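1. whatever this is, show me its structure:
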Amino acid sequence: MDLISTIGLVVLIVLYLVILVVGIVAAKRFKPDDDTTPTEISFVAGRKINSIIGIFTMTATTVGGGYINGTAESVASQGLVWTLAPFGIFLGLILGGLLYAKKMREQSYLTMLDPFQQRYGDTVTGLLYITALCGDVFWSASILAALGTSLSVIIDFDVTVCIIVSAAVAVGYTLFGQMIAVAYTDIVQLILITVGLLVAVPFAMTNDLVGDLTSANNTQKWLGTLEPKFGFVWFDLLIAMTFGTIPWQAYFQRVLSVKSVKDAQILSFVGACGAFILAIPPLLIGAVAVSADWNATDLGESPMERNESSMVLPYVLHYFTPPAVSIIGLGAISAAVMSSADSAILGSSSMFTHNIYRNLFRKKATENELIWIQRAAIFCVGAIATIMAIFVSTVYFLFIFAADVVFVIMLPQLTCVVYMQQTNTYGAIAGYVVGIFLRFGAGETFLSIPTILRYPYYNVDDGQLFPFRTFAMLMSFGTIICVSYSTKYLFTVVRVPAKFDIFNCFADVSARQQYSKEKINTTDFVPASVDNLVPKSTDNLISANIDDFVPESTGDLVVDYQKKDCGESVLKRNSYNCLETTI
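-> The predicted model follows:
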C-alpha cells in the first residue's frame with residue numbers, strides 16, 4: 001500500500017471513529033420526558049427532535065451514497081435529461097410534507113405501518129412489511145457495495161473489508177443509540193458530504209485533462225437526448241421517482257420524531273431544497289466525466305466504455321483531483337453511505353419490533369424485551385444487507401426493482417389508509433395482489449423475469465414503452481377502492497352471511513342484524529354514557545333517575561347501549577379495528 005492509500009485509510013478510520021463517538025455520546029446525553037417509554041425513545045427519539053436537527057437528518061438521509069453516486073452516473077451515461085432522481089425527490093418531499101406528514105404526525109404513530117395495522121389488521125401489515133423490508137435491505141446493500149468499490153479505487157483497499165467495516169460502524173452506533181444516534185450522526189455526515197463535494201468539484205472541473213463543459217460538443221453529451229418514442233418512459237420514471245420518495249419508513253421516522261406537526265412539514269420542505277442543492281456537485285462531476293480525456297489516464301478509456309458507469313464518481317475523484325482532495329471526497333462518499341444505510345436499517349428494525357413482534361407475537365412484551373429485540377433486528381438487517389453487498393452482483397438493480405414495487409404497492413395503500421376511511425382489508429389485499437401482478441408481469445431483464453404482459457407500444461428492442469409503473473400503481477389504487485366498497489355493499493345492503501366475512505370487517509353489521517331479529521326491548525338496556533339524554537317528561541326532574549330518561553335518537557341503540565345484566569359494551573373493537581359482539 002502506497003503513502004497516499006495509507007493516509008486515506010487513516011483519515012477514513014478517524015472519520016469513522018468521530019461518527020461512532022458522536023452517535024454514542026448523543027444517545028448518552030439525551031434526556032427524555034418522564035412519561036416517554038423506552039420504545040418511543042428508540043423509534044422516534046421521544047418526539048424531541050427539533051426542526052434544525054430534523055432538517056439535517058432528513059437531508060443527510062436523502063443525500064445518500066446512491067443519490068450522489070447515481071446522479072453522477074446518470075449524467076455521464078444518459079445525460080441530464082434522464083437524471084430524474086434529484087428533481088423527483090425534491091417534488092416528492094414537498095408533496096410528502098403537504099399531503100402526508102401532517103396527517104401522520106397528528107396521529108402520533110410510531111411507525112409507518114401503524115395506520116395499516118389499525119385499519120386493515122395483521123395480514124395486510126405483514127405483506128406491506130415484506131415490501132418495505134426488501135426496499136430497505138436492497139437500498140442499504142446497493143450503497144454499501146458502491147462504497148466498497150469507491151474505496152477500492154481511491155485507497156486501493158480490499159472491497160469486502162471496506163464493506164464490512166463501513167456496515168459495522170453504521171450498525172454499531174445504531175445499535176447503541178437508535179434514532180437519537182442516527183439523527184445526531186447525520187449532522188456530522190451532512191457536513192462531511194457538503195465539504196467533500198464542494199472541495200472536489202472545482203479541482204475536477206479545472207483539471208488539464210478535462211475539456212470545456214460549456215462547449216457545444218460536451219454540452220450535448222452531458223445534457224443527453226430524449227427521443228419522442230421514450231416520452232412515456234420518461235414520464236413514468238419521473239412519476240415513480242416523485243411519489244416513490246414518500247412511502248418509506250426512513251422518511252416517516254423523521255416526520256414522527258419531531259416535536260410538532262409544523263416541524264414535520266418544515267423538515268420535509270427544507271430537506272427537499274437541501275437535497276436538490278446537493279445534487280449540483282455530483283451533476284457537475286458527471287459532466288466532467290463525459291468531457292474528460294480518459295485516454296490519457298491509466299484506464300485508457302472512459303468508465304462508460306468499460307461498462308463501469310457506476311464508478312464515475314470515484315474515478316473522477318481519483319484521476320482528476322489531487323490525492324488530498326480525493327481523500328476528502330472519499331470522506332463525503334463514506335458519510336453519505338452511512339447516513340442512508342443507518343436510516344434504512346433502523347427503519348426496518350423498528351417496524352419489525354413494533355408491528356410484527358409486539359403486535360403479532362408478543363402483545364405483552366416488556367419495554368426492555370422490545371429494546372433487545374430491536375437491537376437483534378438491527379444486527380440482522382445490517383448483516384443481510386452486508387452479505388448481499390458482498391456476494392450479489394446485481395444488488396443495485398434489485399434496489400431499483402424494489403423501489404418500483406414500493407411505488408406501485410405502498411403509495412396507493414398509504415393514500416387509501418390516510419385519506420379514505422371506508423377502505424378495508426379486502427380492498428387492501430386485492431390492491432396488493434393486482435399491483436404485484438401488473439409490475440412483475442412487465443418483466444425485468446436483469447432478474448430474468450420474463451415479460452408476461454406486453455403493454456401498448458411494447459417491442460423486443462426497446463422493451464416496455466408504456467408507463468406501466470404508473471398504470472400498475474393506479475390500478476392497485478382503484479382496486480383497493482372498488483373492492484372495499486363492493487364488499488361493504490355485499491355485507492351491509494345485500495347482507496351476505498357473516499360467516500363469509502373472514503376478516504371481521506363488518507362484524508358490527510352482523511351484530512345489528514342479530515339484535516334486530518330478537519325484538520329487543522329498550523328497557524333491557526341502559527345507556528353506555530349519559531350524554532345526549534333527554535327527560536321522558538318534565539315532571540319531578542329533581543328526583544329523577546337514569547331510567548326516567550331516553551336517548552335523543554335510538555338509531556344506534558346497539559352501539560350506544562349496554563345490557564343491564566352485562567356491565568360492558570355490547571360491541572367492541574377486535575384486532576382488525578372492526579366492531580364485533582361481546583354478548
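2. same for the host helix or strand of residue 488, what does it pack against?
-> Assessed by DSSP states H and E, residue 488 sits inside helix 468-489. Where contact means 3 or more C-beta pairs under 8 Å, 6 or more residues apart in numbering; DSSP states H and E, helix 468-489 is packed against helix 231-243, helix 411-419, helix 425-441. No exception for glycine: its C-beta is placed from N, CA and C like everyone else's.
3. hmm, who's touching the longest one?
-> Outside of helix 425-441, the residues that reach it under the criterion C-beta atoms under 8 Å, 6 or more residues apart in numbering are 116, 120-121, 123-124, 127-128, 404-405, 408-409, 412-413, 416-417, 449, 451-453, 468-469, 471-473, 475-477, 479-485, 487, 503, 505, 576.
4. likewise the second one?
-> The set of residues external to helix 411-419 that reach it, using C-beta under 8 Å, 6+ apart, is 100, 103-104, 112, 115-116, 119-120, 124, 128, 243-244, 246-247, 423, 427-428, 431-432, 435, 473-474, 476-477, 480-481, 484.
5. ok so, going back, how about the helices and strands packed on helix 468-489 in TSV, adding mean neighbour count?
-> Below are these laid out as TSV (neighbours: other C-beta atoms under 10 Å):
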stretch	mean neighbour count
helix 231-243	19
helix 411-419	21
helix 425-441	22
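6. and these: which comes nearest residue 40?
-> Between residue 40 and those, the shortest gap by C-beta to C-beta is with helix 411-419, which sits at 21.6 Å.
7. in stretch 115-129, which residues are buried?
-> Buried residues in stretch 115-129, counted by 16 or more other C-beta atoms under 10 Å: 115-122, 124-125, 127-129.
8. how about the strands in the stretch 1-150 of the chain?
-> Secondary structure of the stretch 1-150 of the chain (DSSP state E, counting those that start in this stretch): no strands located.
9. let me see the contact set for the residue lying closest to residue 377 once chain neighbours are set aside.
-> Residue nearest to residue 377 in three dimensions, not counting chain neighbours: residue 349, with 3.6 Å by C-beta to C-beta, 6 or more residues apart in numbering. By C-beta under 8 Å, 6+ apart, the residues touching residue 349 are 374, 377, 378, 380, 381.
10. now do residue 100
-> 246, 252, 255, 414, 418.
11. redo these as JSON lines? Include distance to residue 385 and pLDDT.
-> Shown next, in JSON lines, are the contacts of residue 100 (distance: C-beta to C-beta, whole Å; pLDDT from 0 to 100):
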{"residue": "246", "distance to residue 385": "22", "pLDDT": "95"}
{"residue": "252", "distance to residue 385": "20", "pLDDT": "96"}
{"residue": "255", "distance to residue 385": "23", "pLDDT": "95"}
{"residue": "414", "distance to residue 385": "24", "pLDDT": "97"}
{"residue": "418", "distance to residue 385": "29", "pLDDT": "95"}
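12. between these, which is closest to residue 36?
-> Nearest member of those to residue 36, counting by C-beta to C-beta, is residue 255, at 17.9 Å.
13. what's near enough to touch the closest one?
-> Taking C-beta under 8 Å, 6+ apart as the test, what residue 255 contacts is 96, 100, 101, 104, 105, 264, 267, 268.
14. quick one: which of the residues you listed sit in helices?
-> Counted as lying in helices by DSSP state H, out of those, are 96, 104, 105, 264, 267, 268.
15. count of residues packed around the third one?
-> Think residue 105. 23 (other C-beta atoms under 10 Å).
16. pretty sure it contacts residue 261?
-> Yes - under the criterion of C-beta atoms under 8 Å, residue 105 makes contact with residue 261 at 4.8 Å.
17. quick one: low-confidence ranges for the chain?
-> 1, 393-396, 508-583 (pLDDT under 70).
18. one step back: so the residue nearest to residue 377, which of the three states?
-> helix (DSSP: H, G, I helix; E, B strand; the rest coil).
19. how close does it sit to residue 123?
-> 22 Å (C-beta to C-beta, to the nearest Å).
20. hey, where'd the helices end up in the stretch 51-200 of the chain?
-> Here the stretch 51-200 of the chain has its helices, by DSSP state H, counting those that start in this stretch, at 51-62, 65-77, 85-96, 102-106, 114-120, 122-154, 159-205.
21. need phi/psi at the residue nearest the centre of the chain.
-> Taking C-alpha atoms, centre = their mean, the centroid of the chain lies closest to residue 248, which sits 1.0 Å from it. The phi/psi pair for residue 248 (degrees, to the nearest 10) reads phi -120, psi 140.
22. which residues sit in contact with it?
-> Residue 248 touches 112, 132, 135, 136, 347, 406, counting by C-beta under 8 Å, 6+ apart.
23. residues near the closest residue to the fifth one other than its chain neighbours, how many?
-> Beyond its immediate neighbours in the sequence, the residue positioned closest to residue 347 (C-beta to C-beta, 6+ apart) is residue 249, lying 3.4 Å away. Other residues within reach of residue 249 by the criterion other C-beta under 10 Å amount to 26.
24. would you mind measuring from residue 249 to residue 132?
-> 6 Å.
25. which neighbours do those two share?
-> 112, 113, 347, 348, 351.
26. got a winner among these for most neighbours?
-> For the shared contacts of residue 249 and residue 132, neighbours tallied by other C-beta under 10 Å; top is residue 347, 30 neighbours.
27. OK, contacts around that one?
-> For residue 347, the contact set (C-beta under 8 Å, 6+ apart) comprises 132, 136, 248, 249, 250, 253.
28. right, and the first one touches residue 350 too?
-> No - applying C-beta under 8 Å as the test, residue 132 and residue 350 come out as separate, 10.6 Å apart.
29. what is in contact with the two at once?
-> Jointly contacting residue 132 and residue 350 under the rule C-beta under 8 Å, 6+ apart are residue 249.
30. list just the nearest of the buried residues of stretch 115-129 to residue 323.
-> residue 129 (45.6 Å).
31. show me which residues of stretch 9-27 are buried.
-> 9, 11, 12, 15, 16, 19, 20, 22, 23, 24, 26, 27.
32. how much space separates residue 168 from residue 314?
-> Using C-beta to C-beta, we find residue 168 at a distance of 21 Å from residue 314.
33. check residue 225 too.
-> 27 Å.
34. more neighbours: which of these two?
-> residue 314 (25 against 11).
35. ok but the more buried one is inside a helix, no?
-> Yes - under three-state DSSP, residue 314 sits within a helix.
36. quick one: contacts for it?
-> 149, 150, 153, 154, 330, 333.
37. from residue 326, how far out is it?
-> Distance of residue 314 to residue 326, given as C-beta to C-beta: 8 Å.
38. what do you get for residue 373?
-> 42 Å.
39. between those two, who's got more neighbours?
-> Remark: of residue 373 and residue 326, residue 326 carries more neighbours, 24 against 21, as counted by other C-beta under 10 Å.
40. and whichever strand or helix holds the more buried one, what's buried?
-> Residue 326 belongs to helix 323-351 when assigned by DSSP H and E. By neighbour count on 16+ other C-beta under 10 Å, the buried set for helix 323-351 is 323, 325-351.
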